[in-house]
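1. show me how the following folds:
(one chain, ligands or ions: 3)
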Amino acid sequence: MTTAQKIKDIEDEMAKTQKNKATEYHLGQLKAKLAKLRRDLIAPPGGGGGGPGIGFDVARTGIASVGFVGFPSVGKSTLMSKLTGTHSEAASYEFTTLTTVPGTMTYNGARLQILDLPGIIEGAKDGKGRGRQVIAVARTCNLIFIVLDVLKPLNDLAILTNELEGFGIRLNKKPPAITVRKKESGGVAITNTVPLTKIDAQEIKAVLSEYRMSNAAVAIHQPDATIEDFIDVLEGNRVYVPAIFVLNKIDAISIEELDLLYKIPNSVPISSKLWLNIDELLEVMWKKLNLVRVYTKPRGQQPDYSSPVVLRRGRCTVEDFCNAIHKEILKQFRNAMVWGTSAKHSRGQKVGLDHVLEDEDIICIFKK
Ligand SMILES: Nc1nc2c(ncn2[C@@H]2O[C@H](COP(=O)(O)OP(=O)(O)OP(=O)(O)O)[C@@H](O)[C@H]2O)c(=O)[nH]1
Ligand SMILES: [K+]
Ligand SMILES: [Mg+2]
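-> Ligands and ions are numbered 1, 2, ... in the order given. The predicted structure follows:
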């Protein structure tokens, strides 16, 4: 039996099993089995499957990358061509785009890589079409645009989210606040700092036994944690990627219909053909990318606001800043003066290499 068939069998059994106290343990086992099978699809033991290497080979450039995922003919290539000036064939027939087409754009001084991807369909994660390759690329992006046809956004969004989830991608989510520590003995101990509303001790034990962990300390700090969150922590290969739901082709609907669409969280309605509401899309993109611009101020001069050094959140210390300019700077570094959000005082703060910078800070480096 292939992995895909085994997955299907378990999904069928889960669909047949009603959730109640008596079936919780069994359902927990099934969910854990499913996660383990999916792991093989994401990164098969022999390699060559879903991990690095299966995606399309694209040279990565820029400080961050944005991947376009969607059903065929929703307008991904039209949007990407106009944003970047790089031609990616757009046409009215499905599967016009057959490989990753990279382009670049500069926004707020940051060079971004935009990856136009082939359309995917339901079943993509299990090997339909080029779906697995597409999703493997999406896994490596800093932001995903889920491009949707405005005429049927919600159903398509549910399908696409499910496809990406099956590949270990979590959209607009934080890693679960759950820890699991293996022990030598003592069985399973569960502690929680929040009420457990969606997860149950029986389920947790069932999952742990599937993972052959009969002795473990589990600590749950996340309100509304689910068994899926728990499995995510055990699997450990999940990626947490921000996403924007781009509702394209608003030129085809009425203003009243448009008002309703604004209620979908994380969504931005646009028309890539008529170039409507692209400004809002780019503003939301910028927020989601969560980048840090740092302006350089040469000693005794005004800061240079025209070309910021752009860093990624979590890698934006003064040391990261120096490395982004030139490796040699570190050797001569004495200290730095910083103005802006990260500085303690409005008149600026003298800092060392480990100081964490904030967006739009100004920095002046002093050399030895
Ligand atoms: N009305 C309308 N049509 C659009 C819009 N954007 C794209 N289209 C049309 O939709 C069709 C598909 O556009 P593409 O850009 O090729 O779509 P795609 O998502 O890249 O398609 P695949 O590569 O096949 O997956 C083309 O005929 C476009 O002209 C839009 O904003 N409004
Ligand atoms: K198309
Ligand atoms: Mg295309």
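
2. tally of neighbours for the nearest residue in space to residue 23 that is not next to it in sequence?
-> Excluding the flanking residues, the one nearest residue 23 by C-beta to C-beta, 6 or more residues apart in numbering is residue 17, at 5.3 Å. Glycine gets a C-beta too; all of them are placed from N, C-alpha and C. Residues within reach of residue 17, counting by other C-beta atoms under 10 Å, total 12.

3. quick one: residue 17 and residue 30 touch, right?
-> Yes. Residue 17 is within contact range of residue 30, at 7.4 Å (criterion: C-beta atoms under 8 Å).

4. isn't residue 4 right next to residue 126, touching?
-> Yes. When contacts are counted by C-beta under 8 Å, residue 4 is listed as touching residue 126 (4.7 Å).

5. now do the shared contacts for the two.
-> residue 41 (C-beta atoms under 8 Å, 6 or more residues apart in numbering).

6. hmm, who's touching the helix or strand of the chain with the lowest mean pLDDT?
-> Least confident helix or strand of the chain, by mean pLDDT, DSSP states H and E, is helix 255-261 with a mean of 86. For helix 255-261, contacts defined as C-beta under 8 Å, 6+ apart pick out 150, 153, 247, 250, 267, 269.

7. list the contacts of the first one.
-> Which is residue 150. For residue 150, the residues meeting the contact criterion (C-beta under 8 Å, 6+ apart) are 247, 248, 249, 250, 252, 253, 261, 269.

8. phi first, then psi, for it.
-> Backbone torsions of residue 150, given as degrees, to the nearest 10, read phi -60, psi -20.

9. ok, it to residue 71 distance?
-> The spacing between residue 150 and residue 71, counted by C-beta to C-beta, to the nearest Å, is 12 Å.

10. are we agreed that residue 115 is in a strand?
-> Yes. Looking at residue 115 with DSSP: H, G, I helix; E, B strand; the rest coil, it is inside a strand.

11. hmm, back to that, now the element after the least confident helix or strand of the chain, going C-ward?
-> strand 267-269 (DSSP states H and E).

12. how about the helix or strand just after that following strand: buried residues?
-> From strand 267-269 onward toward the C-terminus, using DSSP H and E, the following helix or strand is helix 278-289. Neighbour-count burial for helix 278-289 flags 278, 281, 284, 285, 286, 288, 289 (criterion: 16 or more other C-beta atoms under 10 Å).

13. please see if helix 278-289 touches ligand 1.
-> No. Using C-beta under 6 Å from any ligand atom, helix 278-289 stays clear of ligand 1, coming no nearer than 10.4 Å.

14. helices or strands next to the helix or strand just after that helix in the packing?
-> Moving toward the C-terminus from helix 278-289, the next helix or strand (DSSP H and E) is strand 291-296. For strand 291-296, the packing partners by 3 or more C-beta pairs under 8 Å, 6 or more residues apart in numbering; DSSP states H and E come out as strand 304-312, strand 361-367.

15. angle of the helix or strand following the longest one against strand 291-296?
-> Going back to what we said before, that points to strand 304-312. Counting by DSSP H and E, the element after strand 304-312 in chain order, helix or strand, is helix 318-325. In terms of direction (axes from the mean of the first three to the mean of the last three C-alpha atoms, to 10 degrees), helix 318-325 departs from strand 291-296 by 80 degrees.

16. residues touching residue 316, list them.
-> With C-beta under 8 Å, 6+ apart, residue 316 has these contacts: 292, 294, 356, 357, 358.

17. roughly how far apart are it and ligand 1?
-> Residue 316 sits 34 Å away from ligand 1, going by C-beta to the nearest ligand atom, to the nearest Å.

18. again, but for residue 3
-> 27 Å.

19. for that residue, give me phi and psi.
-> According to degrees, to the nearest 10, residue 3 has phi -60, psi -40.

20. report how many residues lie close to it.
-> Using other C-beta under 10 Å, residue 3 has 16 neighbouring residues.

21. okay, stretch 286-301 in CSV with CA atoms only?
-> Written as CSV, here are the backbone C-alpha positions of stretch 286-301 (Å, rounded to 0.1, in the frame of the first residue of the first chain):
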residue,chain,number,x,y,z
TRP,A,286,5.0,45.1,4.5
LYS,A,287,3.4,44.6,7.9
LYS,A,288,3.3,40.8,7.6
LEU,A,289,6.9,40.7,6.4
ASN,A,290,7.8,42.3,9.7
LEU,A,291,11.2,43.7,8.5
VAL,A,292,13.4,46.1,10.3
ARG,A,293,14.8,49.2,8.4
VAL,A,294,17.9,50.8,9.9
TYR,A,295,19.1,54.2,8.6
THR,A,296,22.8,54.9,8.7
LYS,A,297,24.1,58.2,10.1
PRO,A,298,27.7,59.0,9.3
ARG,A,299,29.4,60.8,12.2
GLY,A,300,28.5,64.5,12.2
GLN,A,301,26.1,64.2,9.3
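
22. which residues does the residue nearest the centre of the chain bridge with?
-> Centrality entry for the chain: nearest residue to the mean C-alpha point is residue 241, 1.0 Å, by C-alpha atoms, centre = their mean. When assigned by DSSP bridges, residue 241 has beta-bridge partners residue 171.

23. tell me the secondary structure of residue 302, please.
-> Residue 302 ends up coil, using three-state DSSP.

24. which residues are in contact with it?
-> Listed by C-beta under 8 Å, 6+ apart, the contact set of residue 302 is empty.

25. which residues touch whichever residue of the stretch 201-350 of the chain sits closest to ligand 1?
-> Closest contact between the stretch 201-350 of the chain and ligand 1, by C-beta to the nearest ligand atom, is at residue 273 (3.3 Å). Counting by C-beta under 8 Å, 6+ apart, residue 273 touches 75, 78, 249, 251.

26. got it, and residue 92?
-> Neighbouring residues of residue 92 by C-beta under 8 Å, 6+ apart: residue 73.
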